[in-house]
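**Student:** Need coordinates for the below:
(2 chains)
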Protein chains: 2
Amino acid sequence: MHYASLSQQVKHFLTASCLLGAAGVAQAQAVADYPIRPVSFTQVKLTDNFWLPRLKTNTDVTIPASFQRCEATNRVKNFEMAAAKSGKFATTYPFDDTDIYKTIEGASYSLSLYPDEHLKEYVDALIKKVAAAQEPDGYLYTARTIDPAHPHSWAGKERWEKERELSHELYNSGHLYEAAVAHYQATGQKNLLNIALKNADLVCSVFGPGRRAVAPGHEIVEMGLVKLYRVTGQAKYLNTAKFFLDQRGQYKGYDFKSTDEWKNGQYWQDDKPVVAQTEAEGHAVRAEYLYSAMADVAALTGDKPLLAAVDTIWKNMVTKKMYVQGGTGAVGGGERFGANYELPNATAYNETCASVADVYWQQRMFQLHGDAKYADIMEKVLYNGLISGVGLDGKSFFYTNAMQIKGGLGTKDTEPARSGWFDCSCCPTNLARLFPSLPGYVYGQHDKDLYVNLFVSSTANLTVNKKPVQLVQQNNYPWDGGLKFVVNPAASTDFNLLVRVPGWARGEAMPSDLYTFATPTKSEVVIKVNGKPTAYTLRNGYAVLPRKWRKGDVVEMTLPMDVRRVVANPNVKDDLGKVALQRGPIMYCAEWTDNKGKASNLVVPPTATFTAAYRPELLNGVTTLTATVPAVQVDAAASTIQTVPQTLTAIPYYAWANRGKGEMTVWFPAQIVDVDLVTRPAELPGTGK
Amino acid sequence: MHYASLSQQVKHFLTASCLLGAAGVAQAQAVADYPIRPVSFTQVKLTDNFWLPRLKTNTDVTIPASFQRCEATNRVKNFEMAAAKSGKFATTYPFDDTDIYKTIEGASYSLSLYPDEHLKEYVDALIKKVAAAQEPDGYLYTARTIDPAHPHSWAGKERWEKERELSHELYNSGHLYEAAVAHYQATGQKNLLNIALKNADLVCSVFGPGRRAVAPGHEIVEMGLVKLYRVTGQAKYLNTAKFFLDQRGQYKGYDFKSTDEWKNGQYWQDDKPVVAQTEAEGHAVRAEYLYSAMADVAALTGDKPLLAAVDTIWKNMVTKKMYVQGGTGAVGGGERFGANYELPNATAYNETCASVADVYWQQRMFQLHGDAKYADIMEKVLYNGLISGVGLDGKSFFYTNAMQIKGGLGTKDTEPARSGWFDCSCCPTNLARLFPSLPGYVYGQHDKDLYVNLFVSSTANLTVNKKPVQLVQQNNYPWDGGLKFVVNPAASTDFNLLVRVPGWARGEAMPSDLYTFATPTKSEVVIKVNGKPTAYTLRNGYAVLPRKWRKGDVVEMTLPMDVRRVVANPNVKDDLGKVALQRGPIMYCAEWTDNKGKASNLVVPPTATFTAAYRPELLNGVTTLTATVPAVQVDAAASTIQTVPQTLTAIPYYAWANRGKGEMTVWFPAQIVDVDLVTRPAELPGTGK
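**Tutor:** Here you go, the predicted structure:
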């Protein structure tokens, strides 16, 4: 969502440069827009104890490491060879080009946060290499350009020929557009944007009514085209995005009777027209990029069936297909959504990229509906299943995010430890671009309503009700429930501050019955204005605070930070009889190293009493949960088993796997009805990806 | 193998009746035969404590119950409607006809053991109904004949059209031939044989070089045709059997790249020519009928490549694809052999029919090679995984034979309890025909060698070295290891008595490294002749006793009846760290009802000491094994687990599931390295088949 609040910039761009197409055409096409506008990341300056160090690590470690790895693994060399039209494609996948685009995108955001002349020069040099690899008509896809007579085996003999199944030509384009818009927005430079537009003009000339038609096999070009439309105002980009959406469900070559999702088109959400789709299905990353684009196009065109479809799909995912730590895409084979309630722990896949895509999608759903439930999900993903994807060192990554590691080892699809890079290295570079875009998800605006979605210490410079307003957040979230908002309008001004009261603080573990709290809330959410408790109405999950705001007005909100037991819907077989632990937005896990070398042996009966304590020395500072619980001990030599009281120490889920390889679990047996005796070591570790 | 020792009868038949074709033709075709001839079941009169009650129950309960169910489920009605050419096929599968043929086959054997005028009349009346359902040209398949314009959906519009995939037309014919030969042999009547020959003449006229060609989708017609050849001497039946074998691997319509065994032909052993097949593959029952026919045709034609192929397949099965209780066909989906060493316990399929087919096959392999290893396998199957298929009541059956029932319930493919009948009721009627044929597997003959394969108390009237010899077995096998053989030649005569020394008695759990004993043999096999210990040479697993035998000579053999721990090849993942219990040929299991309601909680460490005791009151009389072992107890309310000493009582595997539904296990953890905590009840019970 790094195009957040582009409107001002677009206006500036269009009037100041006149380089790009006419806005008039677009207005004829775009009859509407998101009711709620985001507040650009450029307007929000973080001071947050939790997030700022992560963004700094992303800038200092992750982005340089990504560029270094793009060089070391020949991803950059592919562009150089394409420019020279000689050599042999030097990496594994034709979409390896996108790792460069995504790292440039991350670096662009980063440059606006932390100006860095050296990095800027490096990025500009890289953009030159990208420009040189582009063919005269705009085509940009090193896997073919290097040697068009012998393209990569995934690419097909002719351009666009295998776009449905394998080539990822439009996928590469989509990431190029995303990067180009971010780079332009962050730096004001058009060197990458011009490359993107040249490519997009080619794409728009090749695909469309009466021309070539395909449902792109790996979505993202649709989102990228919408961003180009927003930057340029050129209707053709929006039209082509919509055209691609409309192509879904049109291909006649599938075997719809097949249960093989590759053969029936479900893998890439192509088995039905988008307006007829009702479930989150197929490859999760592709799916969530598609759903983001559906929201974009629905918002811009006012297409009600499209809006209804994306609402239905959202409800399906949040009600039946999401892990308790926010992960999506349960099944390793096909990296896909499982069936309803198919959320196994031992083999949970939860690709990091799916969490990145989910943040983009939830932000758009919020902008459509102004409901806190979307920000609730976004918060769950951000604080748990997304940031688990990168180690505290900023340079070790999970492609998958396990729910359970037994015997210290993974399964075929489960990684027990992070890796520096992957053969298919989409996840690290997706995190590199997500992190610095975070400031753009904190606020939203609609007329006189100012929405606060995330509780991140920061100073935002906004225009509300046409007046300049500074909004300062001060908190120690997510560890403390005390939140402070200082409102500093340039002059006293009327507007509504809508502060999200998190679902978990109101007793709802999820905006669905997929997960619920087994423990009652002990305390209420309290809001004070200038020290006085204030009654408030709750609208779509937001505490509405209407007021003529004066400089120095202070809003305080206190969230109950009890330790909560979460139980899953009984349809989730794997979680029956189990509990998970939550405090604030943070989901917990037990890791071997804090628990005498194991985690699968810990029982959390209803009688266990947890204590929360902040430990600054641990894992860069985390609040741990401890309780005395029954632990099962096996004496292999004596063939005896017994339960003994033991201190269970739980850490935030996101922080696991930073201290070596071993057992981890999110769900704990609340009651044991039986045991399975294990006579052999656990499976060999998965290879990871 | 109920055509055992037909040669005399065939000779009699051919000379006495002249009804059937010329033997001369057959001799031109059949250049050889099995080196070892079986001794017909009609020559061996059982007195055995273990088997005779089972054969009696089969006669008194199983066969009448089968006929009753064939009536009640409209299987008989199908024949009546076919005769009337009106109505609508009234059961599920076109091969339901065979349940009648198989029960007639069982009843025929039974009539020779226990003459019964009422049963004879019933069978004759049934044969009249079969005759009436046969079309004038010999075609016999009620699913089409009832209404040829609208045949059963599996049958195809035209005759033989779907024989590869679905129709089972030739499968029905095969069982008809098997039944007809047994009926003729047991009763001397030709009423069913004539129906079979008329049908076989049609089959031989339709299929053959230059005519229609197919590899029958469910084998058995090949075995049946060989039997008709043996009865009639007509070469065309043997030729057609060989023709069907030769058709395998010829069909061009498969997708050999597919891993779907239905699409690549492996399911019905049609992916390669039979001589190129090296592994036991696909649907286990079909496979073992095929391998039986391969042995038949190899024996009769001296076809060396065919012989080599069946030897290779046998070795593959016995080395990598057989459960420790003799079961075959590990995988429920496709009722098929798994990959090498794929022998899971929780989902073991082990169709009862596969064990029946395996007995037929092992008998033929013995006749080919005269090696005791084939009889070792036959014994393992007969005393364990085959008779487990029927309850002690004689009228409740397993379609599948589980290795493990956890929580008292089965899985999708595992039955926790027997059923009276099945929709696809092949197994009950297959047992009905197998049981009374048992006397035919006790002995074999080759020149002056008389082989003793099974230790079954009985009196056999033989001709050895052209002299009448009576051989009396007296024992309390399988509970006691003391075996007595009284040799009563009419006059003193030279011959070699070859008594099988079971592999298990020589320290080999299997004739392969698939299972081995973890405990050393404590005692040796001792053989005495007329009370004096006798040195003997061992030839292919047989103790060779050459002698001029005199009336009243007594051979005694003592087999070591220690309780043995069996361990599996480490490639069998599911059995790692586990032991099974064996005593004599009997494999044991622990069942819930003898072990405080559970079985999955019992550990059998190397230190456990077992005591064997015969208990006449239990399960119609069984030897149980008991030992004090660690048992894991779970207190759900207190969330505690502990191991306590407990008496493990093991019963013969074959006798499980006669006292209600609950846990059962064949393999026990020898050492626990870990536990999986179970928080919810086991799976819902399987539906069974």
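**Student:** State the number of residues packed around A:Asp246.
**Tutor:** When neighbours are counted by other CB atoms under 10 Å in any protein chain shown, A:Asp246 registers 17. Yep, even glycine has a C-beta here, placed from its N, CA and C like the rest.
**Student:** Pretty sure it sits in a strand.
**Tutor:** No - A:Asp246: not assigned to a strand; according to DSSP: H, G, I helix; E, B strand; the rest coil it is helix.
**Student:** and the nearest residue to A:Trp667 once chain neighbours are set aside, how many neighbours does it have?
**Tutor:** Distances taken as CB to CB, 6 or more residues apart in numbering or on different chains put A:Lys578 closest to A:Trp667, at 4.1 Å, once the chain neighbours are dropped. By the criterion of other CB under 10 Å, A:Lys578 has 23 neighbours.
**Student:** residues contacting the residue in the stretch 501-650 of chain A that chain B sits nearest to?
**Tutor:** Residue nearest to chain B within the stretch 501-650 of chain A: A:Gly577 (2.9 Å; CB to the nearest CB). By CB atoms under 8 Å, 6 or more residues apart in numbering or on different chains, A:Gly577 lies in contact with A:Pro669, A:Ala670, A:Gln671, A:Val673, B:Thr679, B:Arg680.
**Student:** Going by neighbour count, which of these comes out on top?
**Tutor:** A:Pro669 (26 neighbours).
**Student:** if I read this right, A:Val31 contacts A:Thr301, doesn't it?
**Tutor:** Yes - with contact taken as CB atoms under 8 Å, A:Val31 and A:Thr301 are classed as touching, separated by 6.3 Å.
**Student:** quick one, what contacts the residue nearest to A:Leu454 when sequence neighbours are not counted?
**Tutor:** Nearest residue to A:Leu454, sequence neighbours excluded (CB to CB, 6+ apart): A:Val442, at 4.6 Å. Counting by CB under 8 Å, 6+ apart, A:Val442 makes contact with A:Val39, A:Val44, A:Val452, A:Asn453, A:Leu454, A:Val456, A:Ser458, A:Ala460, A:Gln473.
**Student:** quick one: contacts for the second one?
**Tutor:** This points to A:Val44. A:Pro439, A:Gly440, A:Val442, A:Tyr443, A:Ser458, A:Thr459, A:Ala460.
**Student:** if you set the cut-off to 7 Å instead, what comes out?
**Tutor:** A:Pro439, A:Val442, A:Tyr443, A:Ser458, A:Ala460 (CB atoms under 7 Å, 6 or more residues apart in numbering or on different chains).
**Student:** Tell me, how many residues neighbour A:Asn465?
**Tutor:** Count around A:Asn465 with other CB under 10 Å applied: 16.
**Student:** what's the pLDDT at it?
**Tutor:** At A:Asn465, the model reports a pLDDT of 87.
**Student:** mind checking pLDDT for A:Thr519?
**Tutor:** Confidence score, pLDDT, at A:Thr519: 80.
**Student:** Where do the domain boundaries of chain A fall?
**Tutor:** According to automatic domain parsing, chain A is divided into the following domains: A:449-502+A:524-558, A:563-669.
**Student:** related to what we said a few turns ago, comparing A:Val31 and A:Thr301, which shows the higher neighbour count?
**Tutor:** A:Thr301 (19 against 10).
**Student:** Any part of stretch A:559-571 near chain B?
**Tutor:** No - shown here: stretch A:559-571 not in contact with chain B (CB under 7 Å from any CB of the partner chain), separated by at least 9.2 Å.
**Student:** Show me which residues of that stretch are buried.
**Tutor:** A:Leu559, A:Pro560, A:Met561, A:Asp562, A:Val563, A:Arg564, A:Arg565, A:Val566, A:Val567, A:Ala568, A:Asn569 (16 or more other CB atoms under 10 Å in any protein chain shown).
**Student:** do you know how far the closest residue to A:Val555 other than its chain neighbours is from chain B?
**Tutor:** Of all residues not flanking A:Val555 in the chain, A:Phe485 sits nearest, at 4.2 Å (CB to CB, 6+ apart). A:Phe485 sits 43 Å away from chain B, going by CB to the nearest CB, to the nearest Å.
**Student:** Determine the set of other helices and strands touching the helix or strand encompassing A:Phe485.
**Tutor:** When elements are assigned from DSSP states H and E, A:Phe485 belongs to strand A:482-489. In this structure, strand A:482-489 makes packing contacts with strand A:467-475, strand A:553-558, judged by 3 or more CB pairs under 7 Å, 6 or more residues apart in numbering or on different chains; DSSP states H and E.
**Student:** With just CA atoms, put the first one into PDB.
**Tutor:** This points to strand A:467-475. Presented in PDB, the C-alpha positions along strand A:467-475 are these (Å, rounded to 0.1, in the frame of the first residue of the first chain):
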ATOM      1  CA  LYS A 467      -6.600  22.600   8.500                       C
ATOM      2  CA  PRO A 468      -3.100  21.400   9.400                       C
ATOM      3  CA  VAL A 469      -3.100  19.000  12.300                       C
ATOM      4  CA  GLN A 470      -0.200  17.400  14.000                       C
ATOM      5  CA  LEU A 471      -1.000  14.100  15.600                       C
ATOM      6  CA  VAL A 472       1.600  12.600  18.000                       C
ATOM      7  CA  GLN A 473       1.300   9.000  19.300                       C
ATOM      8  CA  GLN A 474       3.300   8.000  22.400                       C
ATOM      9  CA  ASN A 475       3.100   4.500  23.700                       C
END
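**Student:** Can you tell me who the closest residue to A:Pro533 other than its chain neighbours pairs with across the strands?
**Tutor:** Excluding its sequence neighbours, the residue lying closest to A:Pro533 (CB to CB, 6+ apart) is A:Val526, at 6.2 Å. A:Val526 has these beta-bridge partners by DSSP bridges: A:Thr558.
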